[in-house]
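**Q** no sequence for this one, just the structure:
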């Protein structure tokens, strides 16, 4: 993972933490209970989507590297798009 990507993840998780603290405040006050629970569900859902997308990207990169090591790498449109993943 690139250092720039790490910075993005840190910022994302800091924002998520603040949103969860805000949701905790809403739910403990007893007012806006629905908004607090909705914020929690949204943060968990976004985290799940981002992590699943990252895992798919990593698996594609590993498969591409295996193909390159085997020598099964052809220079066509599909593989040119895959090469962009390495950058």
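**A** Sure, I can see it. Small disclaimer: the values here were computed from a predicted structure and weren't measured.
**Q** distance check, the residue nearest the centre of the chain against residue 43.
**A** The centroid of the chain falls nearest to residue 50 when counting by CA atoms, centre = their mean (2.5 Å). For residue 50, the distance to residue 43 equals 11 Å [CB to CB, to the nearest Å]. No exception for glycine: its C-beta is placed from N, CA and C like everyone else's.
**Q** buried stuff in stretch 17-24?
**A** 19, 23 (16 or more other CB atoms under 10 Å).
**Q** assess the claim that the residue nearest to the centre of the chain and residue 13 are in contact.
**A** No - the pair residue 50 / residue 13 is not scored as a contact, 10.1 Å apart, by CB atoms under 8 Å.
**Q** what about the strands in the chain?
**A** Using DSSP state E, no strands are assigned anywhere in the chain.
**Q** just name the shakiest helix or strand of it by mean pLDDT.
**A** Within the chain, no helix or strand scores below helix 77-86, which has a mean of 59 by mean pLDDT, DSSP states H and E.
**Q** hang on, the earlier thing: what's the closest non-adjacent residue to the residue nearest to the centre of the chain?
**A** residue 12 (7.3 Å; CB to CB, 6 or more residues apart in numbering).
**Q** show the pLDDT at that neighbour.
**A** Listed pLDDT for residue 12 reads 81.
**Q** neighbours around it, how many?
**A** Neighbourhood size, residue 12 [other CB atoms under 10 Å]: 13.
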